[in-house]
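Participant: Provided below are the primary sequence and the corresponding predicted coordinates.
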Amino acid sequence: MTAESSPTWVAVTPESLALDPLVAWATRPGCGAVVTFSGTVRDHSADHDAVSALEYETSEPHALARLGEVAEEARRRWPDVAAVALHHRVGRVELGEPTVLVVVAAPHRAEAFEAGRYCIDALKRSVPMWKREHFPGGSAWSSATEPIVPVEST
Amino acid sequence: MTAESSPTWVAVTPESLALDPLVAWATRPGCGAVVTFSGTVRDHSADHDAVSALEYETSEPHALARLGEVAEEARRRWPDVAAVALHHRVGRVELGEPTVLVVVAAPHRAEAFEAGRYCIDALKRSVPMWKREHFPGGSAWSSATEPIVPVEST
Amino acid sequence: MARLVLLGPAHEAAGVREDLVEGDTVEAVLALASARYGEAFAAVLATSQVWVNGEPAAATSPVADYDEVAVLPPVSGG
Amino acid sequence: MARLVLLGPAHEAAGVREDLVEGDTVEAVLALASARYGEAFAAVLATSQVWVNGEPAAATSPVADYDEVAVLPPVSGG
């Protein structure tokens, strides 16, 4: 299968993320609905009033494997879903920039919304990824963490 | 207010739609979540096995007013929502191209998903817009219609 | 005279998008329009909503000169 | 020897990202690692999951030469 015909496209990348190429990839002739989620760097966090950037660290092979499992699980739970893209930044990401993109294409909007919501919820709990918050005067690991769980239990 | 700082951006346009500029516009420093919905031209419909394009007709001032009301209603129901963009194509739209874009930015993902879903559901019922389906040998108005209702009753 | 605006399938059934029609209520304007455009238009009108100057209106709603009377068949946006 | 991979806060607490450590079970490998890196690492380890070759593992899971033992603190992706 080529990338164009595969139902799954996962990536872990230090490069800027853009939605339009992923939406164009995901849109199939039978699809009438594409839902996306972009996580973006906020100017504050639970611990810091002024956040200027996030910095993500991962193990790329393990993260890619888990991203692929999340996409597969979404298509198992919503069989009409035609395509799922899950792309996550690593390294430093500046304020306002996207850190993660979820793109789900389906014939109808109900399953596109539901599967999109599932993917970001599952990704946050099951993909090995750690973020540092950069703020005036320093940086620290985020305290907004949860134990990593298998994709089946998301 | 400039377009950049306004919480609402609505448009009815014969030009191609792109998500990334709308997502960049919608993302505010306090936002960590942007959800989008793209309606796209499917290769079939309830009435026709082979659809090659859709053609939308509207009254632009009335459509813009109603799109603005939908965006306002979404921000009234989900007060944390920071920005809503609703852009709808008019004229001919080819297979696979987006016909409508919904973009919602919010601090957290729950309200971004809920408000995004609300916007497309409300838009379909309350915005004056009519589509013709083009298929081999001709075209006809879509039969997938519903009586137009006020935004308050969506 | 009222400005009659016929949208989507209503303009196709009537053969025109806009017209000028006499009448001082919505029902008077639409009765003249149905007589002018014929049965195909009357059939579309039966399932349509009517707005006066952008606001939903009833059959008995008053219509003044230059008011816009819009005929909106069931919609199919998105 | 096992290849120990220390991720996120675990690598910071240990001062290294990867290391070679002896031991034929997960707990044996991690006991040597804790002795080597000290209390800050042991504290992170207490809340972490451990994978062997990419699969969740228990304390008693066997570890062979060249196996990857990864320490995964609570995650914060997305």
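Facilitator: Everything's here; your move. The structure displayed is predicted, hence computed values, not measured ones.
Participant: Show me the beta-bridge partners of the spatially closest residue to A:His88 that is not a sequence neighbour.
Facilitator: In space, and not counting its chain neighbours, A:His88 is closest to A:Val100: 4.8 Å by C-beta to C-beta, 6 or more residues apart in numbering or on different chains. Placement of C-beta: from N, CA and C, glycine included. Beta-bridge partners for A:Val100, by DSSP bridges, are A:Gly39, A:His88.
Participant: Just give me the residue right at the centre of chain C.
Facilitator: C:Val71 (3.7 Å; C-alpha atoms, centre = their mean).
Participant: buried residues in stretch C:25-43?
Facilitator: Buried positions in stretch C:25-43, judged by neighbour count with 16 or more other C-beta atoms under 10 Å in any protein chain shown: C:Thr25, C:Val26, C:Ala28, C:Val29, C:Leu30, C:Leu32, C:Ala33, C:Ser34, C:Tyr37, C:Phe41, C:Ala42.
Participant: Let me fix that, I meant to ask about stretch C:60-72.
Facilitator: Neighbour-count burial for stretch C:60-72 flags C:Ser61, C:Val63, C:Asp67, C:Glu68, C:Val69, C:Ala70, C:Val71, C:Leu72 (criterion: 16+ other C-beta under 10 Å).
Participant: quick one: the second one and C:Ala28 touch, right?
Facilitator: Yes. Between C:Val63 and C:Ala28 there is a contact at 7.4 Å, judged by C-beta atoms under 8 Å.
Participant: before we move on, back to that, thought the residue nearest to A:His88 was touching A:Gly39?
Facilitator: Yes. Between A:Val100 and A:Gly39 there is a contact under C-beta under 8 Å: 4.3 Å.
Participant: who touches both of these two?
Facilitator: A:Ile120, D:Gly78 (C-beta atoms under 8 Å, 6 or more residues apart in numbering or on different chains).
Participant: how about the residues of chain A near chain D?
Facilitator: Contact residues, chain A versus chain D (C-beta under 8 Å from any C-beta of the partner chain): A:39, A:56-59, A:61-62, A:65, A:88, A:99-100, A:120, A:123-125, A:127-131, A:141-142, A:144-148, A:150.
Participant: what separates the residue sitting furthest away from the middle of chain A from chain B, distance-wise?
Facilitator: In chain A, A:Gly137 marks the outermost C-alpha relative to the chain mean, sitting 29.0 Å out by C-alpha atoms, centre = their mean. Counting by C-beta to the nearest C-beta, to the nearest Å, the separation of A:Gly137 from chain B is 19 Å.
Participant: do the same with C:Arg36
Facilitator: Between C:Arg36 and chain B the distance is 20 Å, computed by C-beta to the nearest C-beta.
Participant: OK, now which residue of chain A is nearest to chain C?
Facilitator: Chain A approaches chain C most closely through A:Arg109 (8.6 Å), counting by C-beta to the nearest C-beta.
Participant: Please, where are all the strands along chain C?
Facilitator: Ranges of strands in chain C, per DSSP state E, are C:2-6, C:18-21, C:49-52, C:55-56, C:68-72.
Participant: Of all the ones you listed, which one is nearest A:Thr8?
Facilitator: For A:Thr8, the closest of these is strand C:68-72, at 42.6 Å, according to C-beta to C-beta.
Participant: so what strands line up beside the closest one?
Facilitator: Next to strand C:68-72 in the sheet, as set by DSSP bridges, lie strand C:2-6 (parallel), strand C:49-52 (antiparallel).
Participant: which parts of chain C sit against chain B?
Facilitator: So chain C meets chain B at C:5, C:7-9, C:11-12, C:47, C:49, C:51, C:54, C:56, C:70, C:72-78 (C-beta under 8 Å from any C-beta).
Participant: Of these, keep whichever come out buried.
Facilitator: Buried among the residues of chain C next to chain B by 16+ other C-beta under 10 Å: C:5, C:7-9, C:11-12, C:49, C:51, C:70, C:72-78.
Participant: re the thing from before, and the residue nearest to the centre of chain C, what's its pLDDT?
Facilitator: On the pLDDT scale, C:Val71 is placed at 98.
Participant: Show me what it bridges to in the sheet.
Facilitator: Beta bridges link C:Val71 to C:Leu6, C:Val50, judged by DSSP bridges.
Participant: Can you verify my assumption that it contacts C:Thr47?
Facilitator: No. Counting by C-beta under 8 Å, C:Val71 stays clear of C:Thr47, with 10.4 Å between them.
Participant: which one's the longest helix in chain C?
Facilitator: The single longest helix within chain C, with elements called by DSSP state H, is helix C:26-37.
Participant: can you list contacts of that helix?
Facilitator: By C-beta under 8 Å, 6+ apart, helix C:26-37 touches C:2, C:4, C:13-16, C:19, C:21-23, C:41-42, C:45, C:50, C:52, C:57-61, C:63, C:69, C:71.
Participant: Please work out how many residues are found near A:Trp9.
Facilitator: Residues lying near A:Trp9 (other C-beta atoms under 10 Å in any protein chain shown) number 19.
Participant: Need the three-state assignment for it.
Facilitator: strand (DSSP: H, G, I helix; E, B strand; the rest coil).
Participant: A:His44 now?
Facilitator: Secondary structure assignment for A:His44 (three-state DSSP): coil.
Participant: got the contact list for it?
Facilitator: Contact analysis of A:His44 by C-beta under 8 Å, 6+ apart lists A:Ala50, A:Val51, B:Gly30.
Participant: 7 Å - rerun?
Facilitator: A:Ala50, A:Val51 (C-beta atoms under 7 Å, 6 or more residues apart in numbering or on different chains).
Participant: Could you report the distance from the residue in chain C positioned nearest to chain D to B:Val41?
Facilitator: Nearest to chain D in chain C, going by C-beta to the nearest C-beta, is C:Gly78, at a distance of 28.8 Å. C:Gly78 sits 12 Å away from B:Val41 when distances are taken as C-beta to C-beta, to the nearest Å.
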